[in-house]
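Peer 1: Test case, fold it:
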Amino acid sequence: MAQRTLDASGLRCPMPLLKTKLELNSMAPGDELEVIATDAGSARDIPAFLRLSRHELVSSAETDGRFRFVIKCGG
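Peer 2: Numbering: from 1, shown residues only. Below you'll find the predicted structure:
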């Protein structure tokens, strides 16, 4: 279960990604962050960022235009 939730609903690109980065920077390695976004660009941007980072995408899903990501903070 995620220790924190970031609700970026209603925010336009690139704000969901920027807020995700800031939140991860303030978390301890191993903690999990749940991100909820409504901007379709998030479905592309967040996984692309995570592939280039030390963080791990645990899961992602899309339901009714809402994108949900669970991210494990890397060390």
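
Peer 1: contacting residues around the residue lying closest to G65 once chain neighbours are set aside?
Peer 2: Leaving aside its sequence neighbours, G65 sits nearest to T38 (CB to CB, 6 or more residues apart in numbering; 6.0 Å). C-beta coordinates here come from the backbone N, C-alpha and C atoms, glycine included. Going by CB atoms under 8 Å, 6 or more residues apart in numbering, T38 touches A8, S9, G10, L11, G65, R66, F67.

Peer 1: What is the nearest of those residues to L22?
Peer 2: A8 (11.0 Å; CB to CB).

Peer 1: Near the closest one, how many residues? Count them for me, please.
Peer 2: 22 (other CB atoms under 10 Å).

Peer 1: didn't it look like it was pressed against K21?
Peer 2: No: in this structure, A8 is not within contact of K21 by CB atoms under 8 Å, at 11.5 Å.

Peer 1: Against R44, how distant is the residue most central in space within the chain?
Peer 2: Centroid-nearest residue in the chain, with CA atoms, centre = their mean: V35, separated by 4.3 Å. Relative to R44, V35 is positioned 14 Å away (CB to CB, to the nearest Å).
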